[in-house]
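I'd like to go over a predicted model; first the sequence, then the structure.
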Amino acid sequence: MSIRLGDTAPDFTANTTMGEINFHEWLGDSWGILFSHPADFTPVCTTELGSVASLKGEFDKRNVKPIAVSVDGLESHNKWIPDINEVNNVTMNYPIIADEDKLVATLYDMIHPNASEKATVRSVFIIGPDKKVKLTITYPASTGRNFAEILRVIDSLQLTAVHSVATPANWNDGEDCIIVPAVKDEDIPSKFPKGHKVVKPYLRTTPQPNK
Ligand code: BEZ
């Protein structure tokens, strides 16, 4: 069964390049991004894992722990890491799960047989500190992910978790937000003291509340 937004992220224990982990324990109070790649020693994956390593500081700032997974073994991952480091001028700084028995791939429905019988597709799961799934995206093997977009979504998720706002198309951190329809017009001035605009009765915007 596929995983839907709001579901509890399945827990598991797995070997990784940074030792054995229990996923929920490892997440602790952090947000998490669990992302699968088709295989080690492949070109797109090499750029992707390096890209996440180079953005680790941005994930840390947001209290997000990244973790990668493929169905390759630990020995393969460990042999591949020097290539990731060299190609991307990084030092790998987050774990890669060795999912040879496909436990994680199965729990998270990361193998799409009509795309590939054996390899995981490029799945992304963002998980909140409550262990609930906040976002899922699936990319094909031939398309490398845009991790700046993943950070942008995390900014939106973290903002909308604590303020009664939503974020418009192509929003970036620091830009105006949409006041959610549940907020009554008369409550806007007290809830959003920075001001607001009424574009349409159902589309009311306000400066980003936490900036
Ligand atoms: C890659 O990472 O380059 C890749 C992996 C599987 C299929 C196609 C590309």
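Yep, it's here. Numbering: from 1, shown residues only.

from here on, contacts and neighbour counts on C-alpha atoms
OK.

For residue 211, the count of nearby residues, please.
Burial measure for residue 211: 7 neighbouring residues, criterion other CA atoms under 10 Å.

typo on my end, residue 31
Residues lying near residue 31 (other CA under 10 Å) number 24.

Report the contact partners of the residue of the chain positioned farthest from its centre.
No residue in the chain sits farther from the centre than residue 186, which is 36.1 Å out by CA atoms, centre = their mean. Residue 186 makes contact with no residue, according to CA atoms under 8 Å, 6 or more residues apart in numbering.

tell me the phi and psi of it?
In terms of degrees, to the nearest 10, the main-chain angles of residue 186 are phi -70, psi -20.

so how far is the ligand from it?
Residue 186 is 53 Å from the ligand, where distance means CA to the nearest ligand atom, to the nearest Å.

Same check on residue 209?
In terms of CA to the nearest ligand atom, residue 209 sits 40 Å off from the ligand.

Equivalent analysis for residue 192, please.
Distance of residue 192 to the ligand, given as CA to the nearest ligand atom: 45 Å.

Please apply the same query to residue 71.
Between residue 71 and the ligand the computed distance is 12 Å (CA to the nearest ligand atom).

Tell me the predicted confidence for that residue.
pLDDT for residue 71: 97.

What is the burial count for the residue nearest to residue 41 when sequence neighbours are not counted?
Leaving out its chain neighbours, the residue that sits closest to residue 41 by CA to CA, 6 or more residues apart in numbering is residue 80, at 6.1 Å. When neighbours are counted by other CA under 10 Å, residue 80 registers 15.
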